[in-house]
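Student: starting from these lines, generate the structure:
(one chain, ligands or ions: 7)
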Amino acid sequence: MAWRPKAFSDSANGAWFLLFLFFLAAITISQNAQSQKSESSGNPSNSTASSADKEPPPRHAYAGDAACRSCHEQEARTYSGTAHHLTSRMPSEHSILGKFSPGANILRTSNPYLHFEMTATKDGYFESAVEQPSSSETLSHTERIDVVIGSGRKGQTYLFWKGDKLFELPVSYWTELDAWINSPGYPDGSPRFDKPVVPRCLECHSGYFEAVPQTLNRFNRASLVSGITCERCHGPGREHVVLYSSKTPPRAKAEAIVNPATLSRDRQMDVCASCHSGAGKPLAPALSFVPGKVLDDYLYVPYVPDASVDVHGNQVQLLTSSRCFRNSTMTCITCHNVHKPQRDAAAFSEHCLTCHKAEDCGKFPTLGVKIVSNCVDCHMPLQESEVLVSDTNGRKLKPRVRNHRIAIYPDAALP
Ligand code: HEC
Ligand code: HEC
Ligand code: HEC
Ligand code: HEC
Ligand code: HEC
Ligand code: HEC
Ligand code: HEC
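Tutor: Ligands and ions are numbered 1, 2, ... in the order given. Got it, this is the predicted structure:
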């Protein structure tokens, strides 16, 4: 993908994007590549993957984080605290942020006869829908929390297995309120446990898994590796590990591993875009794309005019529509070190000041040096997502996400 705004406009695109994340109920693998335009400025010799490449690499091509940790202690130590590493976990008292204590474990709904109850027992953690249509009658349905999705930066959603099928649970956790909420995408006040979890969901939120081909939500349960692993950004690393564990390791440049910093700008953006440009439309089985490849061959990501792109999950489209991006060689790693937690918004102003001077800002004459550590408050404001919405007990809850379109927002102000 060439991460420059494309001149063509593609009619069906806007609708695609509104189907983002939690709402994405059924992305089926589609061979429908006809809508995909190859980018004239891309490298044509690079832009067609052979059919052999449209298979995920075999499991044994991967070495796993523990192997990487043994030689790259510095990256691994801080990586364990990042949202990427923590984005999927097995259930435990530490990984589940919602509370199970009496009172705090109840979620009321807009349906007066229905509430949800979350319980922790020696057998695990559970969500139950409890319906009391009359004083003498109680119906309930219970499922176990089997997988925790979300580092908790904004919230968490929980998944459960039914055989080898994976589903989303109806109750999620919302960090801002420190409370249970109705899972986005499930209607308020209805005791449903039927939202399938498609491979694309795990592709963005986990390290590795084997999906049963041509099914909506069947997986090899034992294959799931939780947390985004080093190799999701560095490519399968078994060969690299074997080479450097040998008695005569290569001495020249690093071999058999991808360092995104040394990829071309487009290929480097593709690594992040595989998860930060929306659900898109898969053109090959999940996990077939590996760093260094051309994302366009694996995922159709439409270019959408600025205004219709939601702040949630579309960092790539937003950033690439900024003048900063178009008129420089900026990429995601100009500002982010993905081996460390990225939570201190003020610290990012330093990156702006590598290309700009505070004096360039129209607010400098009136506000002076006060603006120096607040560039992002005004030029990358936090905004509510309009697609990631939870209907909880009659209220609409929307998370605030950092808008990655760096621009002039006339209403933005210092906090
Ligand atoms: C047995 C030790 C060893 C293991 C295990 C290992 N590496 Fe390396 N790795 C090295 C060495 C040594 C280099 C440095 C080569 C050089 O001098 O540039 C390197 C280089 C790298 C580089 C490139 C750095 C650059 O400057 O281009 C990356 C990225 C990397 N390793 C990632 C990984 C990942 C991911 C894993 C786990 C799958 C891993 N390594 C496992 C020894 C190891
Ligand atoms: C295209 C990749 C992609 C897909 C598909 C996707 N997500 Fe996400 N998700 C993200 C990204 C990126 C973020 C965080 C950044 C943001 O909010 O823009 C996120 C955030 C979240 C969060 C909040 C995490 C936190 O710590 O605050 C939850 C919970 C979540 N996703 C659950 C899911 C579930 C469940 C599915 C599938 C049913 C899913 N997502 C599908 C990429 C994806
Ligand atoms: C979200 C993507 C992502 C993940 C996950 C990730 N890395 Fe990286 N890694 C990068 C990028 C981008 C670079 C190049 C830019 C940089 O050096 O920060 C890089 C660079 C490196 C380098 C070269 C550092 C140097 O000084 O040249 C090593 C070694 C490395 N990563 C190891 C790891 C290990 C080990 C893990 C897992 C514990 C890991 N990475 C997880 C994206 C990632
Ligand atoms: C395999 C999918 C995947 C890839 C590849 C990926 N990300 Fe992410 N990223 C996510 C998800 C999912 C989250 C949200 C995690 C959460 O909070 O649960 C996230 C969160 C983040 C965050 C917030 C981190 C924090 O500590 O709060 C940053 C920044 C980020 N990604 C940057 C990048 C960059 C830069 C790249 C490319 C070098 C990249 N990501 C590649 C899936 C991915
Ligand atoms: C890699 C260099 C680079 C970085 C880093 C960078 N910018 Fe820019 N920015 C530019 C360039 C180049 C332009 C376009 C200047 C022009 O066209 O005259 C620009 C334009 C802008 C504009 C004008 C936007 C418009 O739509 O009119 C603003 C505001 C801005 N930058 C703010 C920021 C802020 C805030 C940051 C940090 C979050 C930042 N920039 C980081 C290079 C950069
Ligand atoms: C000009 C600097 C800059 C660039 C370039 C940049 N980011 Fe960010 N990013 C930020 C800032 C500032 C934050 C907010 C940190 C915070 O509030 O804790 C952020 C936060 C994030 C988050 C968390 C969003 C949220 O609201 O929870 C994600 C995900 C992310 N960035 C991904 C990316 C990706 C992917 C790219 C490349 C397309 C990218 N960023 C490029 C500055 C940048
Ligand atoms: C209080 C909000 C606020 C803060 C903080 C702020 N800006 Fe601005 N900035 C604006 C507004 C509003 C404009 C455009 C209107 C104007 O020129 O008065 C602007 C204009 C700009 C421009 C475009 C100038 C042009 O003529 O194209 C750049 C570049 C810029 N700011 C960079 C920065 C940088 C770098 C920082 C941090 C050091 C920063 N701004 C902090 C509000 C802010």
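
Student: for stretch 91-110, give me every contacting residue.
Tutor: Residues from elsewhere that reach stretch 91-110 (C-beta atoms under 8 Å, 6 or more residues apart in numbering): 89, 115-120, 124-125, 145-148, 152, 156, 158, 171, 173, 175, 178-182, 188-190, 391-394. Placement of C-beta: from N, CA and C, glycine included.

Student: just to be sure, which of those are found in strands?
Tutor: Members of those lying in strands (criterion: DSSP state E): 89, 115-120, 124-125, 147-148, 156, 158, 171, 173, 179-182, 391-392.

Student: those also near ligand 2: which ones?
Tutor: Counting by C-beta under 6 Å from any ligand atom, Gln156 from these sit close to ligand 2.

Student: what's the ChimeraX syntax to select whichever of the ones in strands among the contacts of stretch 91-110 are buried?
Tutor: Selection of buried members from these for ChimeraX, criterion 16 or more other C-beta atoms under 10 Å:
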select :89,115,116,117,118,120,125,147,148,156,158,171,173,180,181,182,391,392
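
Student: can you give the domain ranges for the protein?
Tutor: As assigned by automatic domain parsing, the chain contains the domains 106-209, 344-415.

Student: quick one: pLDDT of Asn314?
Tutor: Here, the pLDDT recorded for Asn314 equals 83.

Student: and Tyr173, how far from Ser151?
Tutor: 12 Å (C-beta to C-beta, to the nearest Å).

Student: for Thr142, that is, sorry about that
Tutor: 26 Å.

Student: ok, these two, which is more surrounded?
Tutor: Each of Thr142 and Ser151 has its neighbours counted (other C-beta atoms under 10 Å); Ser151 has more, 23 against 13.

Student: what stretches of the stretch 251-400 of the chain score poorly on pLDDT?
Tutor: 303-313 (pLDDT under 70).

Student: spell out which parts of it neighbour ligand 3.
Tutor: Counting by C-beta under 6 Å from any ligand atom, the stretch 251-400 of the chain sits next to ligand 3 at 259-261, 333, 337-339.

Student: now the two most distant members of those.
Tutor: Asn259 and Asn337 (13.8 Å; C-beta to C-beta).

Student: these two - which one has more neighbours?
Tutor: Set side by side, Asn259 and Asn337 show more neighbours around Asn259, with 14 against 11, by other C-beta under 10 Å.

Student: just to check, the more buried one is in contact with Cys233?
Tutor: No - Asn259 is beyond contact range of Cys233, at 9.5 Å (criterion: C-beta atoms under 8 Å).

Student: got phi/psi on the spatially most distant residue from the centre of the chain?
Tutor: Computed with C-alpha atoms, centre = their mean, the residue of the chain farthest from its C-alpha average is Ser136, at 44.9 Å. Dihedral angles of Ser136 (phi, psi; degrees, to the nearest 10) stand at phi -100, psi 0.

Student: residue contacts, it?
Tutor: Taking C-beta under 8 Å, 6+ apart as the definition, Ser136 has no contacts.

Student: what of His379?
Tutor: His379 neighbours (C-beta under 8 Å, 6+ apart): 352, 406-409, 412.

Student: please list only the buried members of those.
Tutor: Judged by 16+ other C-beta under 10 Å, buried ones among the contacts of His379: 352, 406-407, 412.

Student: let's have those residues in CSV, adding secondary structure.
Tutor: Formatted as CSV, these follow (DSSP: H, G, I helix; E, B strand; the rest coil):
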residue, secondary structure
Cys352, helix
Ile406, coil
Ala407, coil
Ala412, coil
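
Student: now, which of the residues you listed sits nearest ligand 1?
Tutor: Nearest to ligand 1, judged by C-beta to the nearest ligand atom, of those is Cys352 at 26.8 Å.

Student: show the contacting residues for that closest one.
Tutor: Counted by C-beta under 8 Å, 6+ apart, Cys352 has contacts 375-376, 379.

Student: from the stretch 151-300 of the chain, which residue is nearest to ligand 1?
Tutor: Closest to ligand 1 within the stretch 151-300 of the chain is Gly237: 2.7 Å, counting by C-beta to the nearest ligand atom.

Student: residues near that residue, how many?
Tutor: Other residues close to Gly237 by other C-beta under 10 Å number 23.

Student: how close does the residue lying closest to it once chain neighbours are set aside get to Ser245?
Tutor: Excluding the flanking residues, the one nearest Gly237 by C-beta to C-beta, 6 or more residues apart in numbering is Ala63, at 4.7 Å. Computed as C-beta to C-beta, the Ala63 to Ser245 distance reads 10 Å.

Student: residues of this protein that sit close to ligand 6?
Tutor: Going by C-beta under 6 Å from any ligand atom, the residues of the chain near ligand 6 are 153, 272, 276, 315-316, 319, 330, 332, 334-336, 342-343, 345, 348, 351, 376, 380, 401-402, 404, 406.

Student: tell me which helix or strand comes right after the longest helix anywhere in the chain.
Tutor: Criterion DSSP state H: the longest helix present in the chain is helix 265-276. Sequence order places strand 281-282 as the next helix or strand after helix 265-276, per DSSP states H and E.

Student: name the helices or strands packed onto the helix or strand following that next one?
Tutor: Note on strand 281-282: by DSSP H and E, the next helix or strand toward the C-terminus is strand 299-300. If you count contacts as 3 or more C-beta pairs under 8 Å, 6 or more residues apart in numbering; DSSP states H and E, strand 299-300 packs onto strand 281-282.

Student: which neighbours does the strand it packs on have in its sheet, and in what orientation?
Tutor: Paired with strand 281-282 in the same sheet, following DSSP bridges, are strand 299-300 (antiparallel).

Student: picking that back up, now for the buried ones among the contacts of His379: which two are most distant?
Tutor: For those, the maximum inter-member distance is 14.2 Å, found between Cys352 and Ala412 (C-beta to C-beta).
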